[in-house]
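[1] Structure for the following, please:
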Amino acid sequence: MEKTWVKDVKEGERVKAIFAVARKAVPTAKSGKSYLAATLVDRTGEIEARSFDRVDELSALFEEKDLVEVEGAIGSFQGKPQLRFESIVKVDPATNGIDSADFVWVAPPEPRKPERAPADDATDATWLELNGLVEAITDVHVKNLVKSFLADEDLASRLRRAPAAKSVHHAYAGGLLEHTVSCIKLSHRVADQYPQLDRDLLVAGAFFHDLGKIRELGYERGVEYTDEGRLVGHLVMAAQWIHEKARRVGVPRELEHHVVHLVLSHHGRLEFGSPKTPVTLEALVTHFIDDLDSRVNSWLGLMGRDGGTRRWTDAQNIYGHHIWRGTLPTAQVEKKAPPPELMTPVIYVPRPAVNGQAQRKAQEKKARPARPPRPERAEPGPAIQGAPAAPAAESAPSRPERSEAPPRAERPPRPDRPDRGPRGPGGPGGPGDRKPRYMGPRLPGDRGPSARPDKPKSLTHNPFAALAAKVEAVRAETVAEPQPDAPAPEAVAVAAPEAPPPAPPAEAASAPAAAPEPTAPAEPAASTGGEPAP
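    Reported below is the predicted structural model:
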């Protein structure tokens with residue numbers, strides 16, 4: 001039976017073919033019903049497969065990384081082909097003589113010139129380029145450290161075959177070597193533009209930053225993370241590896257720390273998996289070089305896949321948007337760089353920071369015209385009788401000499417101030433009033449810190465307060481009522497104008513005199529012939 005490849009699958013057809021299972025899951029739909037989901041791959045691509053019936057039965061027949069022979073109809077979901085499972089049979093690759101290389105997906109090659117060599121020759125050429133770039137390193141310690149890794153035969157073999165990622169960029173055999181060489185070349189180009197960068201440290205960062213992926217990813221049958229890769233990660237693995245090699249070749253400790261920092265910070269942010277953020281200029285540039293090369297490779301891979309339209313890619317990708325792949329608006333000819341004499345490096349010289357206001361003042365001061373010199377004043381000469389007076393602008397009249405002021409007379413001693421009365425809320429207050437612990441001036445009417453605020457008046461009627469007031473008034477009237485045996489002072493005062501009373505005894509005469517405020521005046525009493533009280 002002729003092999004059916006993923007790239008040849010079309011909607012509306014039936015397929016019976018052998019594929020490798022890249023991913024398998026039994027998720028739950030929004031309706032609450034479970035279904036079987038799997039991703040089938042071969043060297044030409046991948047296709048999604050689903051089954052909504054007999055989920056438990058079909059799921060028990062295979063696992064991830066197995067080769068299975070599937071049969072079913074090809075439908076469509078979100079613009080992509082999708083296989084509907086009807087039957088699944090696990091296949092043993094040893095008994096059927098199947099080549100495992102047919103089931104390892106390889107991304108389509110980037111658009112290159114026709115004279116590019118085949119894949120195997122290209123890998124050898126890339127390896128030779130890497131060795132030549134390493135030989136160009138100037139610092140002896142950096143060169144020895146990098147060459148100690150290339151001298152490891154197992155490492156060299158893994159580096160030539162390892163992918164750089166699982167699915168995002170350079171996710172194919174030899175992708176890590178291609179990504180490493182590309183980053184080293186970009187490091188040299190950036191160092192040409194910015195001479196302040198340390199070229200050898202940039203090359204070391206480009207070589208080491210993803211080297212741990214040869215142990216983080218397994219790629220014998222498909223690309224999958226190893227246990228060590230999930231537990232440790234390629235950044236920490238490479239840092240440990242560098243520490244071991246640096247001790248053997250005698251790399252200075254400070255240089256080792258800088259190289260390790262390039263590896264630990266090349267993801268740029270803590271939330272992206274970097275234990276450290278870039279704190280050196282070379283670490284910052286290493287991060288951007290790695291991001292640039294991986295993004296370009298990822299976008300070119302998406303542009304080379306089927307799906308979408310002729311001018312745009314499918315939006316179902318890790319970036320979540322379409323990517324333009326139509327004809328560009330510039331001339332489609334070979335474009336060369338400017339002459340070397342124009343591609344001079346850019347050297348940034350540190351300048352003092354100047355804020356906007358100071359900078360504007362400096363510019364205004366430069367633009368302001370210079371003032372003319374001020375004319376000198378002429379010395380006043382002797383007055384000549386009959387000579388015309390000089391104008392005021394030319395000479396100013398001389399000032400008369402100051403005479404000494406007469407001495408001031410001594411002031412008499414200041415009399416003591418009279419007592420101002422008690423201080424506090426009942427005191428006079430006003431300016432000059434001084435309270436204990438207060439040394440400042442006062443405003444008129446200010447009673448000082450010991451004054452109490454006036455009791456606020458009630459704004460609502462309180463029946464209990466009114467009743468209490470009436471009770472108090474009755475009690476006061478009862479107390480003020482005179483006794484039956486004692487004469488009332490008011491009766492004496494009223495009876496005086498009508499008729500003169502008989503002479504009272506001494507005890508009775510003293511009673512009116514002791515009254516605090518007699519009602520009758522003294523003149524009518526005198527007119528009746530009565531004697532005033534002694």
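
[2] Find the helix or strand that residue 184 is a member of.
    In the assignment (DSSP states H and E), residue 184 maps to helix 175-193.

[3] Just the residues contacting that helix, thanks.
    Residues outside helix 175-193 that contact it (C-beta atoms under 8 Å, 6 or more residues apart in numbering) are 107, 123, 126-127, 129-130, 133, 159-160, 162-165, 169-170, 197, 199, 202-203, 205-207, 209-211, 213-214, 285-286, 289-290, 292-294, 297, 343, 345-346. For every residue, glycine as well, the C-beta is placed using N, CA and C.

[4] How about stretch 158-172?
    So stretch 158-172 is contacted by 105-107, 123, 127, 173-180, 210-211, 213-215, 217, 219, 223-225, 293-295, 297-298, 301, 318 (C-beta under 8 Å, 6+ apart).

[5] what about that stretch, average pLDDT?
    Averaged over stretch 158-172, pLDDT sits at 84.

[6] Check residue 84 and give its pLDDT.
    For residue 84, the pLDDT comes out at 90.

[7] Looks to me like residue 289 is in a helix.
    Yes: assessed by DSSP: H, G, I helix; E, B strand; the rest coil, residue 289 belongs to a helix.

[8] Pull out the buried positions in stretch 256-266.
    Going by neighbour count (16 or more other C-beta atoms under 10 Å), the buried part of stretch 256-266 is 256, 258, 259, 260, 261, 262, 263, 264, 265, 266.

[9] list the contacts for the first one?
    Spelled out, it's residue 256. 242, 243, 246.

[10] can you pick the most crowded of these?
    Using other C-beta atoms under 10 Å as the neighbour test, these are led by residue 242, with 24 neighbours.

[11] Check the secondary structure at it for me.
    Classified using three-state DSSP, residue 242 is helix.

[12] That one contacts residue 258, doesn't it?
    No: Residue 242 is beyond contact range of residue 258, at 10.7 Å (criterion: C-beta atoms under 8 Å).

[13] returning to that earlier point: looking at the contacts of stretch 158-172, which are in helices?
    Applying DSSP state H to the contacts of stretch 158-172, the entries found in helices are 123, 127, 175-180, 213-215, 293-295, 297-298, 301.

[14] related to what we said a few turns ago, which among the contacts of stretch 158-172 end up buried?
    105-107, 123, 127, 173-180, 210-211, 213-215, 217, 219, 223-224, 293-294, 297-298, 301.

[15] low-scoring stretches of this structure, by residue?
    1-2, 96-97, 104-122, 221, 352-363, 365-370, 375-403, 405, 415-466, 479-534 (pLDDT under 70).

[16] For it, just list every one of the strands.
    14-25, 36-42, 45-51, 67-77, 80-91, 217-218, 224-225 (DSSP state E).

[17] Would you mark the buried spots in the third one?
    Right, the one you point to is strand 45-51. So for strand 45-51, counting by 16+ other C-beta under 10 Å, buried means 45, 46, 47, 49, 51.

[18] I'd like the residues you listed as JSON lines, with distance to residue 184 appended.
    Output for those, formatted as JSON lines (distance: C-beta to C-beta, whole Å):
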{"residue": "45", "distance to residue 184": "31"}
{"residue": "46", "distance to residue 184": "31"}
{"residue": "47", "distance to residue 184": "37"}
{"residue": "49", "distance to residue 184": "41"}
{"residue": "51", "distance to residue 184": "47"}
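
[19] Among these, which one lies nearest to residue 80?
    Looking at the buried residues of strand 45-51 and their distance to residue 80, the nearest is residue 47, at 8.1 Å (C-beta to C-beta).

[20] Surely that closest one and residue 7 touch.
    No: counting by C-beta under 8 Å, residue 47 does not reach residue 7; the two are 9.5 Å apart.

[21] Please name the nearest non-neighbouring residue to residue 197.
    Spatial nearest neighbour of residue 197, chain neighbours left out: residue 191 (5.1 Å); criterion: C-beta to C-beta, 6 or more residues apart in numbering.

[22] An error on my part: the question was meant for residue 76.
    The shortest distance from residue 76 to any non-neighbouring residue, by C-beta to C-beta, 6+ apart, is to residue 11 (4.9 Å).

[23] count of neighbours near the one you found?
    For residue 11, using other C-beta under 10 Å, the count is 12.

[24] list the contacts for it?
    By C-beta under 8 Å, 6+ apart, the contact list for residue 11 reads 74, 75, 76, 81.

[25] Return the set of residues that bridge with the second one.
    Beta bridges link residue 75 to residue 82 when assigned by DSSP bridges.

[26] What residues does it make contact with?
    11, 81, 82, 83, 84.

[27] Name the nearest residue to residue 219, ignoring sequence neighbours.
    Computed as C-beta to C-beta, 6+ apart, the closest residue to residue 219 that is not its neighbour in sequence is residue 163, at 5.7 Å.

[28] And for the one you found, the neighbour number?
    25.

[29] what about the nearest residue to residue 277 once chain neighbours are set aside, distance to residue 276?
    Closest residue in space to residue 277, ignoring its immediate chain neighbours: residue 265 at 5.8 Å, by C-beta to C-beta, 6+ apart. Distance, residue 265 to residue 276, by C-beta to C-beta, to the nearest Å: 5 Å.

[30] what does residue 249 give?
    According to C-beta to C-beta, residue 249 and residue 276 sit 24 Å apart.

[31] Repeat that for residue 181.
    26 Å.

[32] Which one of these two is surrounded by more residues?
    Shown here are residue 181 and residue 276; by other C-beta under 10 Å, residue 181 has more neighbours (21 against 15).

[33] contacting residues around the residue nearest to residue 277?
    274, 275, 276, 277, 278, 279, 283, 286, 287 are the contacts of residue 265 under C-beta under 8 Å, 6+ apart.
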